[in-house]
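> Here's my sequence, what's the structure:
(one chain, ligands or ions: 1)
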Amino acid sequence: MPSLEFEQIDYRSPAMRSLLSRYTRYTNGSKQCMISGVIHFAAYKSVSDSISKPLQYYQNNVCGLVEFLSLLHEFGVKNFVFSSSATVYGSMANKGKPLTEEDCVHHPTVVKDESGSERKVEAGVFGLTSPYGRTKWFAEAILADLAESDPSWKITALRYFNPVGCHESGLLGEDPRQKPTNLIPVVANVLAGVQPKLQVFGSDWDTPDGTAVRDFIHVVDLARGHIAALAAASKGHIQSPFRTYNLGTGRGHTVNEVLNSLEHASGQNVPVERVGRRAGDVGFCVADTQRASRELGWRTEKSLAQCAADVWNFTKQKVISVVGQ
Ligand code: UD1
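Just a heads-up that it's a prediction; the model follows:
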């Protein structure tokens, strides 16, 4: 395990320049930064907050990124991994089939299908539903333009599907400071007695049990995906200066299946109220994972049952510590 140095700095502040300088060797008028790569997780991610505070979202997620890229460019740090989201697919997520990276491209692209015939994909996307989603799309488009202008960049944008779960130790987990809106944190809150029930949004989707289907990826698998992306980029395995990858399992689960797996892991029943569809939701959002497995040599290892067990392990400890106080 290499030693880890932790610095807590706003990535938009001038202190970032001092940090990069500290890791830079200056010899005979030239400089070489010892930082070999950067993973950018510094974006805000709440859909509802982005609707009420769009400027804050554009300021941090877009302007902050542009400033930071300029700084990295100055220091010659060009191996860059960006946390993106399946939200960039917009209404393509309604197509009812796993999403491939070519469903959202930033420059016209020629794609070969399984039969070997070629088709041209135009750049752009339809149906982005929130400022948060737009910040992810803008950020990717900026990164694609940067790589086009300077092919010495190695930029990978990782499109997260639905990250869930906690570290199996129960020491690291999701503990939102605000009222959660994502499915598993809401169920965890119900199990912890913080919320009385789960509202299931929509039971009339065209899916096996009528509830929506998502691709739930364990956070540890997701973390491994970042390491794989950094490693592949530094070994020169990535074929273009800007490349997108879906980080998902390739397998969909319905909201009911998620609920059942958490009930099973906890041995408790979750009270449910079935209500109408949530605005902006899609019925089926699942990753095609072939590109990530082929080019990054990465695939997920953990199941939904493991996600549920780890979430319950973390939630249980929270309940004990609240009761014990
Ligand atoms: C949401 C965001 C997406 C973001 C992702 C981050 C929206 C519209 N989309 O995706 O932009 O990248 O989180 O993880 O907010 N559900 C319930 N009851 C609840 C909560 C959720 O039934 O209390 C259902 C939803 O209707 C959906 C499924 O569970 O069908 C998953 O919801 P959620 O966890 O919020 O993820 P996404 O909607 O996929």
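
> Roughly how far does the residue positioned nearest the centre of the chain sit from the ligand?
Central residue of the chain (Cα atoms, centre = their mean): residue 160, 3.1 Å from the mean position. Separation of residue 160 from the ligand (Cβ to the nearest ligand atom, to the nearest Å) stands at 7 Å. C-betas here are computed from N, CA, C, even on glycine.

> For that residue, list each beta-bridge partner.
With DSSP bridges applied, residue 160 shows beta-bridge pairing to residue 85, residue 247.

> Sketch out the low-pLDDT regions of the protein for me.
319-325 (pLDDT under 70).

> ok, now with 80
1-2, 114, 176-177, 280, 318-325 (pLDDT under 80).

> Is the lengthiest helix in it in proximity to the ligand?
Looking across the chain with DSSP state H, the single longest helix is helix 304-324. No - between helix 304-324 and the ligand, judged by Cβ under 6 Å from any ligand atom, nothing touches; the nearest distance is 12.2 Å.

> Give the buried residues for that helix.
304, 306-316, 318 (16 or more other Cβ atoms under 10 Å).

> on that earlier part again, ok, the residue nearest to the centre of the chain touching residue 84?
Yes - contact criterion Cβ atoms under 8 Å: residue 160 and residue 84 qualify, at 7.0 Å.

> how about the residues of this structure near the ligand?
So the chain meets the ligand at 47, 85, 87, 133, 162, 181-183, 186, 198-201, 212, 214, 255, 278, 280-281, 285 (Cβ under 6 Å from any ligand atom).

> Of the residues you listed, select the buried ones using a ChimeraX command.
Under the burial definition 16+ other Cβ under 10 Å, those of those that qualify are selected in ChimeraX by:
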select :47,85,87,133,162,182,183,186,198,200,201,212,214,255,285
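
> Columns distance to residue 61 on top of the buried residues of helix 304-324, output as JSON lines?
Putting those into JSON lines (distance: Cβ to Cβ, whole Å) gives the following:
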{"residue": "304", "distance to residue 61": "29"}
{"residue": "306", "distance to residue 61": "31"}
{"residue": "307", "distance to residue 61": "27"}
{"residue": "308", "distance to residue 61": "31"}
{"residue": "309", "distance to residue 61": "33"}
{"residue": "310", "distance to residue 61": "28"}
{"residue": "311", "distance to residue 61": "27"}
{"residue": "312", "distance to residue 61": "32"}
{"residue": "313", "distance to residue 61": "32"}
{"residue": "314", "distance to residue 61": "27"}
{"residue": "315", "distance to residue 61": "29"}
{"residue": "316", "distance to residue 61": "34"}
{"residue": "318", "distance to residue 61": "29"}
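
> Closest to residue 145 out of those?
Comparing the buried residues of helix 304-324 against residue 145 with Cβ to Cβ places residue 307 closest, at 36.0 Å.

> any chance you could map the helices in the chain?
15-22, 47-52, 54-57, 64-75, 131-149, 183-191, 219-234, 255-266, 290-291, 304-324.

> how about the ones you listed in CSV, adding distance to residue 108?
Shown next, in CSV, are these (distance: least, Cβ to Cβ, whole Å):
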stretch, distance to residue 108
helix 15-22, 35
helix 47-52, 29
helix 54-57, 28
helix 64-75, 23
helix 131-149, 11
helix 183-191, 36
helix 219-234, 24
helix 255-266, 37
helix 290-291, 18
helix 304-324, 37
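
> Identify whichever of those helices lies nearest to residue 249.
Closest among these, once you apply Cβ to Cβ, is helix 219-234, at 7.6 Å.

> For burial, what's the neighbour tally of residue 296?
26 (other Cβ atoms under 10 Å).

> which residues does residue 217 bridge with?
residue 163.

> Residue 71: what's it in contact with?
Residues near residue 71 by Cβ atoms under 8 Å, 6 or more residues apart in numbering: 16-17, 20.

> for residue 258, same thing?
Residues near residue 258 by Cβ under 8 Å, 6+ apart: 183-184, 187, 214, 216, 304, 308.

> Swap in 7 Å and give it another go.
Counting by Cβ atoms under 7 Å, 6 or more residues apart in numbering, residue 258 touches 183-184, 216, 304.

> Just the closest of the residues you listed to the ligand, please.
Nearest to the ligand among these: residue 183, at 3.6 Å, using Cβ to the nearest ligand atom.

> Tell me the spacing between that closest one and residue 278.
With distances taken as Cβ to Cβ, to the nearest Å, residue 183 is found 11 Å from residue 278.

> which residues does residue 201 bridge with?
residue 275.

> Surely it and residue 280 touch.
No - taking Cβ atoms under 7 Å as the definition, residue 201 is not a contact partner of residue 280, at 10.4 Å.
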